[in-house]
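*Asks:* Here's my sequence, what's the structure:
(one chain, ligands or ions: 1)
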Amino acid sequence: MDPTQQRIKIDLKDSEQIVCKECGNKTFKQVVFLHKLSALLSPYGQDSIIPVAVFQCTKCGALPEETLPQLDE
Ligand SMILES: [Zn+2]
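*Replies:* Coordinates of the predicted model:
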């Protein structure tokens, strides 16, 4: 069987809908954090801006923890 023919079927009933903990709203918009990487650390040898996509509640503006990037220090 050709593996590219396999389809992963996802049933939304099996998934957990993310709800805003602050206000209970269920819709989110995508926003980005911008991280600046100095030229010394950048593989490109110049200052770089790195966008990190997160989701924001459309109602109260809260950022649900589940969607925040895991930034290991
Ligand atoms: Zn909210």
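*Asks:* The most centrally placed residue in the chain: which element?
*Replies:* Closest residue to the average C-alpha location of the chain: residue 54 at 3.8 Å, with CA atoms, centre = their mean. Per DSSP states H and E, residue 54 falls inside strand 48-57.
*Asks:* Against residue 31, how distant is residue 51?
*Replies:* 10 Å (CB to CB, to the nearest Å). No exception for glycine: its C-beta is placed from N, CA and C like everyone else's.
*Asks:* Also residue 13?
*Replies:* Following CB to CB, the distance that separates residue 13 from residue 31 is 28 Å.
*Asks:* what about these two, which has more around it?
*Replies:* Using other CB atoms under 10 Å as the criterion, residue 13 and residue 31 rank with residue 31 on top: 13 against 5.
*Asks:* mind checking which helix or strand that one is in?
*Replies:* strand 28-37.
*Asks:* what does that strand rub up against?
*Replies:* With CB atoms under 8 Å, 6 or more residues apart in numbering as the test, strand 28-37 has contacts from 18, 20, 47-58, 64, 67, 69.
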